[in-house]
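>>> My questions concern the predicted model and sequence given below.
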Amino acid sequence: MGYFNDYSLAQDLAQDVFVRVWQYLPTFKGKSSVGTWIFRIATNICLRQKERQNSIAQTEVPLDLAKEPSNNSLQVQALYKAIAELPEIDRLIISLYLEELKQSEIAQIMGLSEVNVRVKINRIKSALAKKIRNNDE
């Protein structure tokens, strides 16, 4: 959700991830945790989807938060909107962080150092807090 801000697309991509995990589970070598491996698959699927969207000429459509589950609070909707406005790499990092992955796992998935991930997470949190405060005012 934090990566695309489209509930239907997020569900479709999650299903694609499960199918891909099922297909490639026999090839899993165990060099990382299963969770890290699955997140890498999810990351690759999201990046491919982003490339497909960018390759198709599209008009800019405003965010439609009504597609999200109705039980979300306004604060969660504001958070998703703020995340959607972040640069692509930042969206991915904060999405993994919100999934409660360890910083070491995020670093491995993203191909960054743990220190770099820690710094990026703090900067992203600050940027999100600022965006949400500005929207409240």
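Sure, I can see it.
>>> what helix or strand does residue 4 sit in?
According to DSSP states H and E, residue 4 maps onto no helix or strand at all.
>>> Now it: closest residue in space, sequence neighbours ignored.
Once flanking residues are discounted, residue 4 sits nearest to residue 10: 5.9 Å by Cβ to Cβ, 6 or more residues apart in numbering. Where you see a C-beta, it was placed from the backbone N, CA and C, and this is true even at glycine.
>>> other SSEs contacting the helix or strand hosting residue 95?
Per DSSP H and E, residue 95 falls inside helix 88-98. Counting contacts by 3 or more Cβ pairs under 8 Å, 6 or more residues apart in numbering; DSSP states H and E, helix 88-98 is packed against helix 34-55, helix 74-84, helix 103-110, helix 114-136.
>>> ranking these by burial, who's on top?
With neighbours defined as mean count of other Cβ atoms under 10 Å, the helices and strands packed on helix 88-98 peak in mean count at helix 103-110, which reaches a mean of 20.
>>> which other residues reach it?
Residues outside helix 103-110 that contact it (Cβ atoms under 8 Å, 6 or more residues apart in numbering): 32-33, 35-36, 39-40, 43, 89, 92-93, 96-97, 101, 112-114, 116-118, 121.
>>> what do you get for stretch 28-48?
3-4, 13-14, 16-17, 20-21, 24, 92, 96, 99, 101, 105, 108-110.
>>> so which strand or helix has residue 12?
Under the assignment here (DSSP H and E), residue 12 is part of helix 7-24.
>>> and residue 113, what is it in contact with?
Residue 113 neighbours (Cβ under 8 Å, 6+ apart): residue 107.
>>> so how far is residue 22 from it?
32 Å (Cβ to Cβ, to the nearest Å).
>>> Ok, residue 13 next?
The gap separating residue 13 from residue 22 is 15 Å, by Cβ to Cβ.
>>> repeat for residue 118
Taking Cβ to Cβ, one finds residue 118 at 33 Å from residue 22.
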